[in-house]
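Undergrad: Here is my input, please return the structure:
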Amino acid sequence: MASDTPVANTPETSLSGLIATLAPTALVAGVYILIFLILRKSQRRWYAPRTYLGTIREEERSQPLPSGLFNWIGPFWKIPDTYALQHQSLDAYLFLRFLRMTVVIMFVGACITWPVLFPVYATGKGEGGQLNLLSMSHINPSASGGKYRYFATCFCGWIFFGFVLMMVTRESIFYINLRQAFLLSPVYANRISARTVLFVSVPKDYLNEARLRKVFGAAVRSIWIVRDTSKVDELVEKRDTVAYKLEDAEVKLIKLANGERLKAAKKGGAAPNEEPVIEGDAESGSLAARWIPTKKRPTHKLGKFGLYGKKVDTIDWSREQLEKLIPETEQAQASYRAGESELTGSVFIEFAHQSDAQAAFQTLSHHQALHMSPRYIGVNPNEIVWKSLGISWWQRVVRRIAVLAFVTALVVFWAIPVAFVGLVSNVQYLESLSWLHWLTKIPNSIMGVVTGLLPAVMLSILMSLVPVIMRLCAKLSGEPSLARVELFTQNAYFVFQVVQVFLVTTIASSASSIVKAIIDNPKGITDLLARRLPTVSNFYISYFIVQGLTVASGVLSQVVGFVIFQILYKFLAGTPRKMYQKWANLSAISWGSTLPVFTNIVVIGITYSCIAPLVLGFATIGMSLFYLAFRYNILFVTDSQIDTKGLIYPRALQQMLTGVYIAEICLIGLFGIAKTPGPLICMVAFLVFTILYHFSLNAALDPLLYNLPKSLEAEEESLREGMERGDRIGSEDSAVKEKNGDAGAVAVPATKKPNLFAKFFKPHIFADYATLRRLVPHDFVDPENMYEQSVAENAYYPPAVTSEVPLLWIPRDAGGISAQEVRHTSKVIPITDEGCTMDEKNKLVWDSEGARPPVWQPKVYY
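TA: Next up, the predicted model:
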């Protein structure tokens, strides 16, 4: 991804150096795009799986594009971004909207700054040339009228930073209206997660269904009190491990026997398609024994990792184990349901209606601090981190503090492992040290790999570990769902990106040295930033070129992922189940580690907007390429596995303002160094205004980000009634009429079609709830019949408690071996040989187009 740390600070980059950077990156990008154009025509599974794959509902599939080299571009361009909202998820749509909005911000910033600041800087009579001619460092304050030139920088900053604040406000209002329309739509409001509230740190006195019903009233429909599942987890894991070991052994046996049968047929033995005579009481494995000796049957050792111990026949041993494990597991599951396990302190409460759940969510539930708190609504059962639900309130506090301390230390001292990588890349300079003189004996060819390739690989691995560590920290801190884990990761990884990828690269070689410099001279941070920022602006121009061309084209072509997929599917998917899982599971974008990378790019662009405006042009191009690449992937390739209900978007908007603050602080420092009191005072005043505006914005909008207002429930009812009457609700000529006595319904006045500027500057009017409601999908499932009764009853039981005995899936062979294995194994565990066959080359063949084999399960919209 685009998260690779810039590793060099170049004080001045010439135009020829910029071209030298552009040429190879453009060549690499061209190769990536050519590969994409060629492979897209034939590799539909990898480049357009959302158009046909059987695991995706018809309503969620995308319309296929033309298969030519270039004739798909026009239809692709015409698809609106809202298509992602209607066919995938709210997160996917808002991610695309964020990328598009950043392009707008960077482009408008260039339009504001270039006409004014380029002439001002170019004639500034300062030092430096070529690209530095167009940066603030070219102003000579001691020249005649030099100090007055900073007023242009200051007021361009006012206009551009004000525009960024306006965009954040506008998009926050848009998001709130869209979120409310999405969450109140019948398709979502009737989901069980929308009507269920999770309470953690519940006192033992309240872990009682009767008492909870008394607290929350008659609106309560179901209650799931979370209990300790360690015993049932262990048994289910053992059962499934043995079951899949049996499945692998059955498939191996069938492959071996069928292969020998085909060889015999070629030599003139039995016909390949000869139907065998199978006796009902034939001994298990008797058909396979016709083709392979007993010693070739699948076996394993009972010791650790199968490395030592007694050797046993895998099929016979697995059947014997399952005969004991299956009843034990069912007994443990029944014991949990009967309430015989230890209580853990969390409870899920389902309410009859979404409004009842919102009322419970927004109400203080317990009179003691940190009890029955925090509360969560909209938690998808598939995303629950069950281990976090057993953490007490005081453990949660301690864990949170410890995790935040660790993340802070990680961000500050990450330069230590990075410095080691840098040491490896410069290992030749260490040869002069007496105790490292042995390095001179290493051959040049090996030393070249050590100093060239190895550091790049090590740095790539190091950077990829950061999001993994952040997610682990989130789970250890007690986050109860994977969506919350992603939001935690988004915050923590953004701080890491800004500090290590931007500030450290800009200012010094390590974050620890920055901390020491600030401790030694707390007032010198602005001077430190101001001195270093202009000198490395040209480096970030090259950085945006590399990111925009090579990384964006790599995201589109997915060459590495395609090669890995082909290798894994061809050589490591040896059973029907593994083939299906590899084929049907689409890749997903990890919001928590993807968004911060692009938010940081925007922060860099905003920071340099007035210091070196040329950066904005390259940032615009880079973000445009990323937008197009991810747009294709979201519409045709990826799937959404974790749903944050769009909360990634307002967080990214808030994080984007970091760039405004850094830019203002740096300009204050630069004005201070230049000793220009006028621009300095003006920028200090605007910094104060930014802080006050930011606090006011958050105070006004924060409650609307997490709660649903009662007024819109009434409006939603009137909108539905209007639709049932056949009224054209939400059209330009109609109004939402208030019912008698219904003060909550909001009337929408008839208005003429808004112009572009009115629509842009008045989202509260032209992107209101009634308007955005039309963008939300309403009919891809029946909102009144979303679940079977058993699904609703088991929704918030731990997965081990509801886990059924797995259905084993083996391929059918012409020799009848699979039929015999099914007959004998089915006495112990469900098994089938439908949906997959062995062909004349002894290869597995299944319906990859339909992709709905016996082990397929329909997606449940919790």
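Undergrad: Helices of the stretch 451-600 of the chain, start to end?
TA: For the stretch 451-600 of the chain, the helices defined by DSSP state H, counting those that start in this stretch cover 482-496, 504-507, 511-520, 525-532, 537-546, 552-557, 559-567, 576-584, 591-607.
Undergrad: Give me the distance from the last one to the chain's centre.
TA: In this case it means helix 591-607. Centre-to-centre, helix 591-607 and its host chain are 14 Å apart (CA atoms, centre = their mean, to the nearest Å).
Undergrad: Pick the most deeply packed of the helices of the stretch 451-600 of the chain.
TA: Among these, the stretch with the highest mean neighbour count (mean count of other CB atoms under 10 Å) is helix 591-607, at a mean of 25. For every residue, glycine as well, the C-beta is placed using N, CA and C.
Undergrad: Give me the next element, helix or strand, following that helix.
TA: helix 614-636 (DSSP states H and E).
Undergrad: From the contact counts, what lies against that next one?
TA: Packing contacts for helix 614-636, counted by 3 or more CB pairs under 8 Å, 6 or more residues apart in numbering; DSSP states H and E, involve helix 82-87, helix 90-122, helix 537-546, helix 552-557, helix 591-607.
Undergrad: how distant is the longest one from the center of its chain?
TA: Going back to what we said before, that points to helix 90-122. 24 Å.
Undergrad: average pLDDT for it?
TA: Helix 90-122 shows a mean pLDDT of 93.
Undergrad: cool, stretch 289-297 as well?
TA: Computed over stretch 289-297, the mean pLDDT rounds to 87.
Undergrad: And that stretch, what's buried?
TA: Counting neighbours by 16 or more other CB atoms under 10 Å, one finds that the buried residues in stretch 289-297 are 291, 292, 297.
Undergrad: With stretch 96-113 instead?
TA: 96-103, 105-110, 112-113.
Undergrad: same question, stretch 217-233
TA: 219-227, 229, 231-233.
Undergrad: and residue 845, that one's in a helix?
TA: No. According to DSSP: H, G, I helix; E, B strand; the rest coil, residue 845 belongs to no helix; its state is strand.
Undergrad: my guess is it contacts residue 836, does it?
TA: Yes. Using CB atoms under 8 Å, residue 845 is in contact with residue 836, at 6.8 Å.
Undergrad: For residue 393, report the pLDDT, please.
TA: On the pLDDT scale, residue 393 is placed at 89.
Undergrad: hang on, the earlier thing: of all the helices and strands packed on helix 614-636, which one is nearest residue 861?
TA: helix 90-122 (13.2 Å; CB to CB).
Undergrad: Mind checking the pLDDT average for the next helix or strand after that closest one?
TA: Scanning forward in sequence from helix 90-122 by DSSP H and E, the next helix or strand is helix 149-184. Here helix 149-184 scores 93 as its mean pLDDT.
Undergrad: Dump the following helix or strand past helix 149-184 to CSV, restricted to CA.
TA: Using DSSP H and E, the next helix or strand after helix 149-184 towards the C-terminus is helix 186-189. Only the C-alpha atoms of helix 186-189 are listed here, as CSV (Å, rounded to 0.1, in the frame of the first residue of the first chain):
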residue,chain,number,x,y,z
PRO,A,186,-36.9,-0.5,6.6
VAL,A,187,-34.1,-2.8,5.3
TYR,A,188,-31.8,-1.8,8.2
ALA,A,189,-34.3,-0.8,10.9
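Undergrad: Okay, now the sheet partners of the helix or strand following helix 186-189, with direction.
TA: Per DSSP H and E, the first helix or strand lying C-terminal to helix 186-189 is strand 196-199. Strand 196-199 has the following sheet partners, assigned by DSSP bridges: strand 343-351 (antiparallel), strand 375-377 (antiparallel).
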